[in-house]
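Enquirer: This is a predicted model, with the sequence first.
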Amino acid sequence: MYRFIASALVLLLTLYIGRIQASCDVCQSNGAACINQTAYHLCFGRTQPDTNQTFICTDGLVCTDQPVICFQRSETPASCGDTDSCGQCGPNYTFACTSRTTFAFCFGALTPTNVTGSCPTGYFCDASTKEICVTKTTDDSIVCHLD
Ligand SMILES: *[C@@H]1O[C@H](CO)[C@@H](O)[C@H](O)[C@H]1NC(C)=O
Ligand SMILES: *[C@@H]1O[C@H](CO)[C@@H](O)[C@H](O)[C@H]1NC(C)=O
Ligand SMILES: *[C@@H]1O[C@H](CO)[C@@H](O)[C@H](O)[C@H]1NC(C)=O
Ligand SMILES: *[C@@H]1O[C@H](CO)[C@@H](O)[C@H](O)[C@H]1NC(C)=O
C-alpha cells in the first residue's frame with residue numbers, strides 16, 4: 001500500500017514537472033548534468049558541472065531532470081543521449097522523430113520517407129502521440145534526443 005502511494009506520488013510529480021529540459025552537459029534544476037543516457041556529473045550549485053567525478057545510474061534507470069536524477073526510462077525520457085527511437089516509425093507507422101524537433105512521415109511503412117517537417121518553437125517531437133509535436137512529456141513519450 002505504501003509502495004503504491006509512493007509510486008503514485010512520484011508519478012504525479014513526474015507529470016507535474018513533465019517539462020523537457022533535455023541537453024547533455026547542462027546543469028539541470030536537479031543539480032545534475034547528464035553526459036549520456038546513463039551517466040552524469042554534479043553541479044554543486046554552480047552553473048558548470050564538476051567533471052572530476054562521474055556517476056552512473058543503476059541498471060534500468062536513465063539520467064533525467066527529475067529530482068531523483070536517475071529515473072525509469074519508461075516514465076521519463078533521458079535528458080541526453082537517448083537515440084534508440086530516432087527514425088523509428090511510431091506505433092501506428094504514421095511518422096518518426098528524426099531529432100528532438102524534426103519528424104518524417106512513414107505513410108504506413110517501417111522506415112521514414114523523405115517527407116519531413118519540423119516542430120514549432122517550444123515543441124518537441126514525441127513519437128507516441130497523434131499530435132506529432134507536443135510541449136509536455138508523458139509516461140509513454142518516445143523522444144529522439146538528437147539536436
Ligand atoms: C556514459 O558515460 C560513461 C562515463 O563516461 C561510460 O562509462 C558509459 O559507458 C557511457 N554510456 C553510454 C550508454 O554511452
Ligand atoms: C578537479 O580536480 C583538479 C585536480 O585535483 C582540481 O584542480 C580542480 O579544482 C577540480 N575541479 C573541481 C571543479 O573541483
Ligand atoms: C524523395 O525520394 C524520392 C525517391 O527517392 C525522390 O524522387 C524525391 O525527389 C525525394 N523528395 C525529396 C523532397 O527529397
Ligand atoms: C493508433 O491508432 C489507434 C486506432 O486507430 C488509435 O486509437 C491510437 O490513438 C493511435 N495512436 C497514435 C499514437 O496515433
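Expert: Perfect, thanks for sending it. Residues are numbered from 1 along each chain as shown. Ligands and ions are numbered 1, 2, ... in the order given.
Enquirer: Distance from the chain centre to the top strand by length along the chain, please.
Expert: Ranked by residue count and defined by DSSP state E, the top strand of the chain is strand 50-56. Relative to the centre of its chain, strand 50-56 is centred 21 Å away, using Cα atoms, centre = their mean, to the nearest Å.
Enquirer: Give me the contacts around that strand.
Expert: 32, 35, 38-44 (Cβ atoms under 8 Å, 6 or more residues apart in numbering). Just so you know, the C-beta spots here come from the backbone N, C-alpha and C atoms, and that holds for glycine as well.
Enquirer: Tabulate those residues (TSV), appending distance to ligand 4, pLDDT and secondary structure.
Expert: Formatted as TSV, the contacts of strand 50-56 follow (distance: Cβ to the nearest ligand atom, whole Å; pLDDT from 0 to 100; DSSP: H, G, I helix; E, B strand; the rest coil):
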residue	distance to ligand 4	pLDDT	secondary structure
32	31	96	strand
35	31	92	coil
38	27	91	coil
39	31	95	strand
40	31	96	strand
41	35	97	strand
42	37	97	strand
43	36	96	coil
44	41	95	coil
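Enquirer: Most neighbours among the residues you listed, which one?
Expert: residue 40 (28 neighbours; other Cβ atoms under 10 Å).
Enquirer: following the lowest-mean-pLDDT helix or strand in the chain, which helix or strand shows up next?
Expert: Least confident helix or strand of the chain, by mean pLDDT, DSSP states H and E, is helix 2-17 with a mean of 45. Counting by DSSP states H and E, the element after helix 2-17 in chain order, helix or strand, is strand 32-34.
Enquirer: now residue 126: how far from ligand 1?
Expert: Going from residue 126 to ligand 1 by Cβ to the nearest ligand atom, to the nearest Å gives 22 Å.
Enquirer: again, but for residue 61
Expert: 12 Å.
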